[in-house]
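Visitor: Predicted model and sequence follow; I will ask about them next.
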Amino acid sequence: MIKNCSAAVSLPGGLVLRQARPADLDQIGALLSARGEPDDAVDHRLVVTDPDAGLSACAVVVDGDRVVSTATLLDEEVHIGGIRLPAGQVELVATESEYEGRGLVRALMNWAHERSAASGHLVQAMIGIPYFYRLFGYEYAIDVPQVLKVNSLPPAGGRSTLRAARPSDVGAMAALQAAAQSGFDVTMPHSAACWRWLLDHESSNLLVLDHDGTVIATARTTPPGGETLLAEAAARDEAAARDLLSGIAALAPGDPIRIAHRAGTVTGNAWQEFLDHEPRRTAEQYYLRIPDVAALLDALRPLFWQRLTAAGIDRTGRDIVISTFGAHHRIPVLANGLGEVVTGGALQSPGAVGGAGLAPDHLPALLFGPHGIEGLTRIRPDVYAADEELFQALFPPLTADVLSYYLPYR
């Protein structure tokens, strides 16, 4: 039981925010379908009836017996430098149109963040409508992979069979995804619960390529009809990757295919010649929120130490100072590692003590994004480092690969 998150909260106008109940499910499903996608009701039931999530993962705002707003918090995990960071993801958010503008989503986000904190989450990640979730402390940080058009196809494969994934395939699919993500600095894999949901939900199809009883490739696709989006592709080798692409094309002959490109992976390399590599026209990024900067920096100390030693930088006896201007954080450098983070008050001029300064809304991009501190200093006036060698070693540009319940391309 999550403390302080299950109690009902009174809101203005006689509304009440509380944990969802079994009797609410039909109304929640109808609300999600009306305000989002028809399949959202199915997805919601998969989550709240799962033993790893359950109804406690969902909250509603009710007007009497009527559900007028809802949100659900999923448990995730972000991996960086061998460190596993517990994370939350808010999904399945919807409000009746006549109740919009009354702060109900803000109340639900507060509930989700309190529950997330009580669960030990150090970050929250999400896919969301442009700008809106910045109002709740989220900032754009991690690039969404570019979607590229397929302009030619490999020849049809041999004895492999493309089929719908089964529960018994989860271990093989997870292993293929782990191999695909191994080349990235920041990853978010599917949780065990998410694999179960993906097998049954209707917003995408989970496919595997089977060769003599062994799963050698996998992907998610949108349902057939008009255009196929192929995402989360992973394969044992390039031959399997080509067979996967030709097999998916055969499911809807003549329909255009777009691919979420995973650069540097087996499938990304195998499909290079078949894709139209257009320059990215618009920025697409995942949101991240850091609820407790000191707690996250503390969890990342082993990674920072690894980066310092790899760069051959010796700062023994001196603190690493990072200021977000309204507060600052000192990390003592000891002979054999980094000491616990010490947080202090406002520090407007961290350069005077050899530190780095950055506005707090740039911190997610600094810790998880593709620019690193060197890139951010070129595009953000309120990001700078007095000791460039030190902070470029601590905060390099990072590659990332995120697997989420919902594809960010729908």
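Guide: Good, I have the coordinates.
Visitor: Look at Arg45 and give its secondary structure.
Guide: helix (DSSP: H, G, I helix; E, B strand; the rest coil).
Visitor: need the contact list for it.
Guide: Leu25, Gly29 (C-beta atoms under 8 Å, 6 or more residues apart in numbering). Glycine gets a C-beta too; all of them are placed from N, C-alpha and C.
Visitor: Distance of it relative to Val60?
Guide: To Val60, Arg45 is 14 Å away according to C-beta to C-beta, to the nearest Å.
Visitor: Val47 too?
Guide: Taking C-beta to C-beta, one finds Val47 at 14 Å from Val60.
Visitor: next one: phi and psi at Val402?
Guide: phi -120, psi 130 (degrees, to the nearest 10).
Visitor: Pull the contacting residues for Leu85.
Guide: Contacts of Leu85 (C-beta under 8 Å, 6+ apart): Glu77, Val78, His79, Leu122, Val123, Leu296, Ala299.
Visitor: in a strand, that's where it is, yeah?
Guide: Yes - the assignment for Leu85 is a strand, going by three-state DSSP.
Visitor: which of the contacts of Leu85 lies closest to Gly13?
Guide: Closest approach between the contacts of Leu85 and Gly13, by C-beta to C-beta: Val123, at 33.2 Å.
Visitor: Pull the number of nearby residues for the spatially closest residue to that closest one that is not a sequence neighbour.
Guide: Nearest non-adjacent residue to Val123, counting by C-beta to C-beta, 6 or more residues apart in numbering: Ala87, 4.9 Å away. Neighbourhood size, Ala87 [other C-beta atoms under 10 Å]: 23.
Visitor: buried ones in stretch 79-87?
Guide: His79, Ile80, Leu85, Ala87 (16 or more other C-beta atoms under 10 Å).
Visitor: Do I have it right that Val208 meets Ala165?
Guide: Yes - shown here, Val208 and Ala165 form a contact pair, counting by C-beta atoms under 8 Å, at 4.8 Å.
Visitor: Mind listing the shared neighbours of these two?
Guide: Shared contacts of Val208 and Ala165, counting by C-beta under 8 Å, 6+ apart, come down to Met173, Thr218.
Visitor: Can you dump the C-alpha atoms of stretch 72-90 in CSV for me?
Guide: The C-alpha trace of stretch 72-90 is given here as CSV (Å, rounded to 0.1, in the frame of the first residue of the first chain):
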residue,chain,number,x,y,z
THR,A,72,-2.6,6.1,-14.4
LEU,A,73,1.0,5.7,-13.1
LEU,A,74,3.2,2.9,-14.6
ASP,A,75,6.4,1.5,-13.0
GLU,A,76,9.4,1.7,-15.2
GLU,A,77,13.2,1.6,-15.0
VAL,A,78,15.8,3.8,-16.7
HIS,A,79,19.3,2.3,-17.1
ILE,A,80,22.4,4.5,-17.4
GLY,A,81,26.0,3.4,-17.0
GLY,A,82,25.1,0.1,-15.3
ILE,A,83,22.8,1.9,-12.8
ARG,A,84,19.1,1.1,-12.7
LEU,A,85,17.0,4.1,-11.8
PRO,A,86,13.4,3.4,-10.6
ALA,A,87,11.1,5.5,-12.8
GLY,A,88,7.4,6.3,-13.2
GLN,A,89,5.4,7.0,-16.3
VAL,A,90,2.1,8.8,-16.3
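Visitor: what sits against the residue nearest to Val123?
Guide: Contacts of Ala87 by C-beta under 8 Å, 6+ apart are Asp75, Glu76, Glu77, Val78, His121, Leu122, Val123, Gln124, Ala125, Met188.
Visitor: swap the cut-off to 6 Å and go again
Guide: Residues near Ala87 by C-beta atoms under 6 Å, 6 or more residues apart in numbering: Glu76, Glu77, Val78, His121, Val123, Ala125.
Visitor: what stretches of the stretch 301-410 of the chain score poorly on pLDDT?
Guide: The stretch 301-410 of the chain contains residues with pLDDT under 70 at 410.
Visitor: And for the chain?
Guide: Checking the chain against pLDDT under 70 turns up 1-5, 410.
Visitor: Spell out, range by range, the helices that occur in it.
Guide: 25-35, 40-48, 104-118, 170-181, 192-200, 238-251, 266-270, 293-299, 301-311, 363-368, 372-379, 388-394 (DSSP state H).
Visitor: ok so, going back, okay, the buried residues of stretch 79-87 in a markdown table with distance to Gln27 next?
Guide: Shown next, in a markdown table, are the buried residues of stretch 79-87 (distance: C-beta to C-beta, whole Å):
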| residue | distance to Gln27 |
| --- | --- |
| His79 | 37 |
| Ile80 | 39 |
| Leu85 | 35 |
| Ala87 | 29 |
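Visitor: how about these, which pair is most distant?
Guide: Most distant of the buried residues of stretch 79-87, by C-beta to C-beta, are Ile80 and Ala87, 10.8 Å apart.
Visitor: Identify the bridge partners of the closest residue to Ala165 other than its chain neighbours.
Guide: Spatially, and ignoring its direct neighbours in sequence, Ala165 is nearest to Leu206 (4.2 Å; C-beta to C-beta, 6+ apart). With DSSP bridges as the criterion, Leu206 is bridged to Arg220.
Visitor: okay but Leu206 is in contact with Arg166, surely?
Guide: No - applying C-beta atoms under 6 Å as the test, Leu206 and Arg166 come out as separate, 9.4 Å apart.
Visitor: Tell me which of those two has more neighbours.
Guide: Set Leu206 next to Arg166 and count neighbours by other C-beta under 10 Å: Leu206 wins out with 21 against 12.
Visitor: how about the strands in the stretch 1-150 of the chain?
Guide: For the stretch 1-150 of the chain, the strands defined by DSSP state E, counting those that start in this stretch occupy 9-10, 16-19, 58-63, 66-80, 83-95, 123-126, 139-143, 147-150.
Visitor: how about the last one: buried residues?
Guide: Okay, so that is strand 147-150. Within strand 147-150, the residues that count as buried by 16+ other C-beta under 10 Å are Val147, Leu148, Val150.
Visitor: Closest one to Leu376 out of the contacts of Ala87, please.
Guide: Val123 (18.2 Å).
Visitor: Now do the contacts for that closest one.
Guide: Contacts of Val123 by C-beta under 6 Å, 6+ apart are Val78, Leu85, Ala87, Leu288, Ile290.
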